[in-house]
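Asks: next input, structure requested:
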Amino acid sequence: MSKNWSKSETLALAKTSCTHCHGDGLRPGRGDKSSACNCVLRAIFRACYARFRYCVTKEKYMSKVTLTFCAGKDRRLTWVRKDEDYVADFCLVSRRTLDDFEHKVFRYHFLLGADWRLCCR
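Replies: Okay, the predicted model is just below:
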């Protein structure tokens with residue numbers, strides 16, 4: 001699935017010293033579609049990873065349960081733990097997106113905190 005990125009979506013996340021996009025956050029893609037520069041994708045990952053680390057390291061007694069509406073035709077209320085849901089989604093997206101080798105390196109380095117030198121072996 002390819003997204004057609006706009007300059008307003010990438011400008012704030014782009015690195016001004018990037019040699020590829022020069023701070024715009026966009027690179028020419030196939031056809032008329034622009035693609036996000038790698039510096040933007042790295043910034044998105046860093047923001048998601050920072051939230052993941054926050055949710056994981058937060059004291060467990062601070063986790064709260066909230067009552068929210070479920071999407072669907074019934075629009076029922078359900079109890080959710082948003083921090084735990086975020087952590088689970090972060091892990092599931094990485095598992096679905098990466099192949100086995102990439103996920104193993106990702107899990108050791110980012111989820112388990114192994115040194116990058118050990119992961120390179």
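Asks: list the buried residues for stretch 80-100?
Replies: 83, 86-87, 90, 94 (16 or more other Cβ atoms under 10 Å). Where C-beta positions appear, they are placed from N, C-alpha and C, glycine not excepted.
Asks: sorry, slip of the keys, the one I care about is stretch 32-48.
Replies: 34-37, 39-40, 43.
Asks: residues in contact with the lowest-mean-pLDDT helix or strand in the chain?
Replies: Taking mean pLDDT, DSSP states H and E as the measure, the helix or strand of the chain with the lowest value is helix 116-120, at a mean of 77. With contact meaning Cβ atoms under 8 Å, 6 or more residues apart in numbering, helix 116-120 is reached by 105, 108-109.
Asks: could you dump these to CSV with pLDDT and secondary structure?
Replies: Shown next, in CSV, are those (pLDDT from 0 to 100; DSSP: H, G, I helix; E, B strand; the rest coil):
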residue, pLDDT, secondary structure
Val105, 89, helix
Tyr108, 89, helix
His109, 89, helix
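Asks: still on that earlier bit, nearest to Ala71, of the buried residues of stretch 32-48?
Replies: Ala36 (27.2 Å; Cβ to Cβ).
Asks: and the pLDDT for the residue lying closest to the closest one once chain neighbours are set aside?
Replies: Distances taken as Cβ to Cβ, 6 or more residues apart in numbering put Trp5 closest to Ala36, at 4.7 Å, once the chain neighbours are dropped. Trp5 is assigned 81 on the pLDDT scale.
Asks: who touches Trp5 in this structure?
Replies: 25-26, 34-36, 40 are the contacts of Trp5 under Cβ under 8 Å, 6+ apart.
Asks: may I ask which two of these are separated the most?
Replies: Largest separation among these by Cβ to Cβ: Ser34 and Val40, giving 11.0 Å.
Asks: excluding chain neighbours, what is closest to His20?
Replies: Using Cβ to Cβ, 6+ apart, the closest residue to His20 is Cys37 (5.5 Å).
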